[in-house]
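# Take this sequence and fold it.
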Amino acid sequence: MPRFLLILYLLMSSLPILAQSSGADGVGDDYAPQAGNGGYDVLHYDLNLAWDDTTDILSGTTTITALATQDLSAFNLDFIGLEVNAIQVNDEPAEFSREGQELTVMPASALNTDDTFTVAVTYSGVPMSLTEPSLLFTVGWQRTDYGVFVGPCCLMGSATWFPGNHHVSDKATYTIRMTVPAPLMVVANGTRVDTIDNGNTITYHYEMPYPMPSISTIAHIGDFVAVEEESVRGVSITHYFLAKDAQALTLEVVGRVGDMLVHFEDTFGDYPFDSYGIVVIPELGRSAFESQSLSTHGPDSLDERTVAHELAHQWFAASVSQTLIEETWLGEGFATYAERLWLEYLGGFSATDLDAMPNYYSIFGLEPPGLVPPDDLYNSTVYFRGAWVLHALRLRVGEDIFFQILRTYAEQYQYGNASEADFIALAEDISGQNLGDFFDAWLNQDGLPPVPKIGLGA
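Numbering: from 1, shown residues only. I've put the predicted structure just below:
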């Protein structure tokens, strides 16, 4: 065989092997096929970034530490919009290409299964926000008159400002360093461990030592005033308001959160993080959203129910995150039901008093929360009928067993992911009951089941 044909044969015969060693461009979630990536598990993100308020340019380097779960000649990161200047894998320059949200990295040396490796992406540009087709709100990095707010980062919002494995199932710890013009402040997840005055700029350094999904990352930038306190059990509480709003809004929040923390710790178990706080963003109006260790509220959403709802997400969404994108009721239904539990505590309601629930008859027209459509992931059913799933379970199994289920669920899956099937299996195990038909009726059937008789297993 001529030499050039032999070389061509060897090259062609090696292509299937190379293809098999490339990580997938998604984790295989039916509701978002290209969200996340295959072939590796992220262990830690180190974001070292700077933002210029004159040009709106965000620049810097995100360094990812990951574990290869297969042999890799190439792997993908999710990244949207910003220009990539250079990539290094294990401190060696790497080739890369881009198509849509997919940033494909080709390391100089192939990675082997169980290798721990680093990938450093240096980039710059003006971040863009996104309108997700499955959501009714804008997500990701958003410029404001006073600075920036980030979020909510549902699905791919976090990919607008740092590259990564952006699916809720891949949680990691975080270091976030952000340099901004003085005197602006950065508010990010975790504990602020350092503030460096550089003269014209300030660098804020936060550490999040607990695994966090990328959809939970925030970095708000503005002329914030911090109001600090501590819960009676030692949780650090810091609320952030724009300087012009601080005096008017402080009294609406401070004091209430500390009491809620104690009540929810008694109900769900110890608070899973070191700190908590509320950031008030004018653009949000009556809206609010959670992120790990922080919730972001519009000034008109500082009411009892909404504050309780977002705080409860620290247990159910942040610490225990859903496994699949479509199982949104595992976060929103739980947080909505926590509103009822807080009102019970304040008003003396019992399990059989339905006054603190969304009206039972009002959810007749809502589709089952276990079948939420892919183009409307956060519709009313995951909140209201999702909450009714839990209330019906409480009536079915009784008070003591129900709260044992919640506490065990929060503890057993702490800092990880859980699925609907995991929750059902746990409820059956603790209650000793076969709950398959019960959950199927509430989660998957169009007809609304009757309210169970308390403690009768109906």
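# and residue 219, how many residues sit next to it?
The number of residues packed near residue 219 is 24, by other C-beta atoms under 10 Å. Placement of C-beta: from N, CA and C, glycine included.
# Sticking with the spatially closest residue to residue 91 that is not a sequence neighbour, tell me its helix or strand.
Excluding its sequence neighbours, the residue lying closest to residue 91 (C-beta to C-beta, 6 or more residues apart in numbering) is residue 118, at 7.4 Å. In this assignment (DSSP states H and E), residue 118 forms part of strand 116-125.
# tell me the contacts of the most centrally placed residue in the chain?
Centrality entry for the chain: nearest residue to the mean C-alpha point is residue 216, 3.2 Å, by C-alpha atoms, centre = their mean. Contact partners of residue 216, counting by C-beta atoms under 8 Å, 6 or more residues apart in numbering, are 153, 189, 290-292, 317-318.
# do residue 89 as well
Applying C-beta under 8 Å, 6+ apart, the residues contacting residue 89 are 105, 107-109, 111, 117-120.
# Look at the nearest residue to residue 392 once chain neighbours are set aside and tell me its secondary structure.
Leaving aside its sequence neighbours, residue 392 sits nearest to residue 452 (C-beta to C-beta, 6+ apart; 5.5 Å). In three-state terms, and counting by DSSP: H, G, I helix; E, B strand; the rest coil, residue 452 is coil.
# if I look at residue 452, how far off is residue 96?
56 Å (C-beta to C-beta, to the nearest Å).
# Same question for residue 64.
For residue 64 relative to residue 96 (C-beta to C-beta), the value is 14 Å.
# again, but for residue 56
Taken as C-beta to C-beta, the span from residue 56 to residue 96 is 24 Å.
# Looking at the two, which one has more neighbours?
Using other C-beta under 10 Å, the more surrounded residue of residue 56 and residue 96 is residue 96, with 20 against 13.
# The more buried one: what's it in contact with?
Contacts of residue 96 by C-beta under 8 Å, 6+ apart are 84, 87, 103-106.
# For residue 138, what are phi and psi?
phi -80, psi 140 (degrees, to the nearest 10).
# Surely it is in contact with residue 130?
Yes. Using C-beta atoms under 8 Å, residue 138 is in contact with residue 130, at 6.9 Å.
# Settle it for me: which of these two has more neighbours?
Set side by side, residue 138 and residue 130 show more neighbours around residue 130, with 21 against 14, by other C-beta under 10 Å.
# Any idea what that one is bridged to?
Applying DSSP bridges to residue 130 yields these beta-bridge partners: residue 139.
# pretty sure it contacts residue 153?
No. With contacts counted by C-beta under 8 Å, residue 130 stays clear of residue 153, the gap being 9.4 Å.
# Return every residue with contacts to both of these two.
With C-beta under 8 Å, 6+ apart as the test, residue 130 and residue 153 both reach 139-140.
# Isn't residue 235 up against residue 272?
No. Judged on C-beta under 8 Å, residue 235 makes no contact with residue 272 at a distance of 10.2 Å.
# mind listing the strands for the stretch 51-200 of the chain?
With DSSP state E, counting those that start in this stretch as the definition, the stretch 51-200 of the chain shows strands at residue ranges 58-68, 75-78, 83-89, 92-93, 95-99, 102-106, 116-125, 129-131, 138-143, 148-150, 172-181, 185-188, 191-197.
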